[in-house]
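Chemist: Predicted model and sequence below, questions to follow.
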Amino acid sequence: MRRILAGALEQRGYTISEATTGDEAIVTASKENPKLILLDLSLPDMTGTEAARALKQNPQTAHIPMVGCSAHFGPEWRGQGCALEWLAMCKSRFR
């Protein structure tokens, strides 16, 4: 899903930085100060909500809007997304 979204955004002229783990996302966001974070809910080292919580607790990244993305999420993810003030949540249909 990450590659598909990155490709679609790059084709429209957006600059993309990618991370493959939650820890990498936290470090990259701190260094690059992006305008938006698209965050997969299923990361290899932590959940997307754990990564989002760490980003919200960091003064350098707390202001960055986040969109949670996943091929599989239910009502429990929506509640967590609202608590973390995510801009939106999207369920991908990529398989």
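Modeler: On my side now, so go ahead. Numbers count the residues shown, from 1 in each chain.
Chemist: contacts and neighbour counts: CA atoms only from here.
Modeler: Will do.
Chemist: Assign the residue sitting nearest the centre point of the chain to helix, strand or coil.
Modeler: For the chain, the residue nearest the mean C-alpha position is Leu39 (1.4 Å; C-alpha atoms, centre = their mean). Taking DSSP: H, G, I helix; E, B strand; the rest coil as the rule, one finds Leu39 in the strand state.
Chemist: Repeat that for Thr28.
Modeler: Three-state call for Thr28 (three-state DSSP): helix.
Chemist: In contact with it: list those residues for me.
Modeler: By C-alpha atoms under 8 Å, 6 or more residues apart in numbering, the contact list for Thr28 reads Ser17, Ala19.
Chemist: Please report how far it lies from Asp45.
Modeler: 15 Å (C-alpha to C-alpha, to the nearest Å).
Chemist: how about the strands in this protein?
Modeler: Residue ranges of the strands in the chain, as given by DSSP state E, are 37-40, 66-70, 88-91.
Chemist: I figured the residue nearest to the centre of the chain hits Thr47, correct?
Modeler: No. Using C-alpha atoms under 8 Å, Leu39 makes no contact with Thr47, being 9.6 Å away.
Chemist: sorry, back to before: need the per-residue pLDDT for the spatially closest residue to the residue nearest to the centre of the chain that is not a sequence neighbour.
Modeler: Among residues not flanking Leu39 along the chain, Gly68 sits closest, at 4.9 Å (C-alpha to C-alpha, 6 or more residues apart in numbering). On pLDDT, Gly68 comes in at 78.
Chemist: before we move on, what about Ala88?
Modeler: What the model reports as pLDDT for Ala88 is 50.
Chemist: swap in Asp45?
Modeler: In this model, Asp45 is scored at 94, pLDDT.
Chemist: Name all residues that make contact with it.
Modeler: Here Asp45 is in contact with Thr21, Gly22, Asp23 (C-alpha under 8 Å, 6+ apart).
Chemist: Pass me the low-pLDDT residue ranges in this structure, would you?
Modeler: Along the chain, the model assigns pLDDT under 70 to residues 1, 70-95.
Chemist: cutoff 80 now
Modeler: Along the chain, the parts satisfying pLDDT under 80 run over 1-5, 41-42, 68-95.
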